[in-house]
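Q: let's see this in three dimensions:
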Amino acid sequence: MPNIAAIFKQEIARLSRKEIRQQTKPLRRAVTQYRRDIAKLKREASKLQNELGRLTRQTGNGGAPPPRSEGNGERARFTAKGVRSHRARLGVSAANFGKLIGVTGHTVYKWEHGSAKPRKQQLAGLAALRTIGKKDAAARLEKLVAKQSSAKAARTRRARVKRAPRK
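A: Prediction:
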């Protein structure tokens with residue numbers, strides 16, 4: 001015959017384990033959910049770290065913010081896409097855009113395609129052009145064309161005078 005004390009002890013242990021399971025079941029669920037959340041946050045953090053590294057490599061400046069344009073050529077930013085979009089926004093040809101800056105249309109074409117970069121003086125001109133609109137650009141072009149045509153006429157007159165036959 002089994003010992004009643006041993007049976008009683010086994011029953012108390014069984015009931016205790018059952019009660020403990022009931023009490024810890026919500027905690028286990030919560031812990032499981034927290035672990036899922038933590039794993040999800042770790043994956044997101046890893047993705048963001050990878051994205052940051054990729055963007056840092058693309059910019060090539062070690063993650064430093066790009067300098068702000070203050071109108072001088074030393075701190076003005078330059079991107080080929082920026083030149084292309086600004087020229088389109090002004091609605092002018094590459095040649096006319098170049099006239100506004102003081103370069104040729106071919107130079108503007110090279111800037112837009114990334115095969116050349118502007119010098120400091122030209123960067124200053126680009127920065128100055130960022131502040132004007134379509135109407136201002138058209139007005140400046142008219143003045144430049146008028147000035148160039150009058151200078152050309154003067155050169156032609158001087159050339160004619162020089163070619164006059166001497167007696």
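
Q: point out where this structure drops to low pLDDT.
A: Scanning the chain with the threshold set as pLDDT under 70 gives 1, 60-75, 160-167.

Q: show me where it has its helices.
A: Here the chain has its helices, by DSSP state H, at 4-59, 80-90, 94-101, 105-112, 120-129, 134-163.

Q: what would these look like in TSV with mean neighbour count?
A: The way it works is simple: take the backbone N, C-alpha and C, and place the C-beta from them, glycine included. Shown next, in TSV, are the helices of the chain (neighbours: other C-beta atoms under 10 Å):
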stretch	mean neighbour count
helix 4-59	10
helix 80-90	16
helix 94-101	20
helix 105-112	19
helix 120-129	18
helix 134-163	11
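
Q: now do stretch 127-140: distance to the chain's middle.
A: Remark: stretch 127-140 is offset 23 Å from the chain centroid, using C-alpha atoms, centre = their mean, to the nearest Å.

Q: ends of that stretch, what's the gap?
A: 16 Å (C-alpha to C-alpha, to the nearest Å).

Q: any idea how far the residue most central in space within the chain is from residue 119?
A: Using C-alpha atoms, centre = their mean, the residue of the chain that lies closest to the mean C-alpha position is residue 59, 8.3 Å off. Separation of residue 59 from residue 119 (C-beta to C-beta, to the nearest Å): 22 Å.

Q: ok, residue 91 next?
A: Taken as C-beta to C-beta, the span from residue 91 to residue 119 is 26 Å.

Q: likewise for residue 56?
A: Distance from residue 56 to residue 119, by C-beta to C-beta: 27 Å.

Q: how about residue 134?
A: Counting by C-beta to C-beta - residue 134 and residue 119 are separated by 26 Å.

Q: can you check residue 151 too?
A: Taken as C-beta to C-beta, the span from residue 151 to residue 119 is 24 Å.

Q: equivalent analysis for residue 147, please.
A: Residue 147 is 23 Å from residue 119, by C-beta to C-beta.
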